[in-house]
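Visitor: attaching a predicted model along with its sequence, questions to come.
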Amino acid sequence: MAHHAEAQIRPGTRADLEQLTAIYNHYVLQTHVTFDTVAFTPQQRRPWLAAYADRGPHRLFVAEAAGRLLGYATSGRFRAKPAYRTSVETAVYCAADAAGRGTGTLLYQTLFAALADQGLHRAYAAIALPNEASVRLHTRFGFRECGRYAECGHKFGRYWDVAHFEKPL
């Protein structure tokens, strides 16, 4: 497993779809951090990937080392209504063996640098609890908790809370 210092951060491309899907599917099948419950095929994830661009507020960055993706970070549409256009929802996912090695930090540094001149007002993130690592990462980047939904998701035979975080941009 490559250390995060060896990772190159770059925009995600269509060629990354299989590895992006594999990273996400780990969280779908093994964790409560996403409320998806059935693994995706790369073809099913194509519309998700198509929502990101090389420029603008809706971005996808990947961390890569030795041809392998270590993780990705996104900023996507917060809500569909036009008045939300100056807000984005962010997320970061790391390959299981890359978590806790600084990859998420590198990805968020790149993502927020790219968003700096996009005329955005707020970034939001939703974190299924408990998830101390994600809470620490978001707090380190200036997010603060702004609300919580109690027991809103049911997965693995139990209910999970979701904390909502916001960050001024």
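Guide: Structure received.
Visitor: in its sheet, what does the helix or strand encompassing Cys146 sit against?
Guide: For Cys146, the host element (DSSP states H and E) is strand 144-155. Looking at strand 144-155 with DSSP bridges, its partner strands are strand 158-168 (antiparallel).
Visitor: quick check: mean pLDDT of the strand it pairs with?
Guide: On average, the pLDDT along strand 158-168 is 98.
Visitor: go on, stretch 124-139?
Guide: For stretch 124-139, mean pLDDT rounds to 98.
Visitor: contacts only, for Thr21.
Guide: Phe40, Thr41, Pro42, Arg45 (C-beta atoms under 8 Å, 6 or more residues apart in numbering). For the C-beta atoms, the positions are set from N, CA and C on the backbone; glycine is no exception.
Visitor: change it to 7 Å
Guide: Applying C-beta atoms under 7 Å, 6 or more residues apart in numbering, one finds that Thr21 lies in contact with Phe40, Pro42, Arg45.
Visitor: looking at the residues you listed, which one is closest to Asp161?
Guide: Nearest to Asp161, judged by C-beta to C-beta, of the contacts of Thr21 is Phe40 at 24.6 Å.
Visitor: and the gap between the nearest residue to that closest one once chain neighbours are set aside and Thr34?
Guide: In this structure, Phe40 finds its nearest non-sequential neighbour in Thr21, 5.6 Å apart by C-beta to C-beta, 6 or more residues apart in numbering. Relative to Thr34, Thr21 is positioned 13 Å away (criterion: C-beta to C-beta, to the nearest Å).
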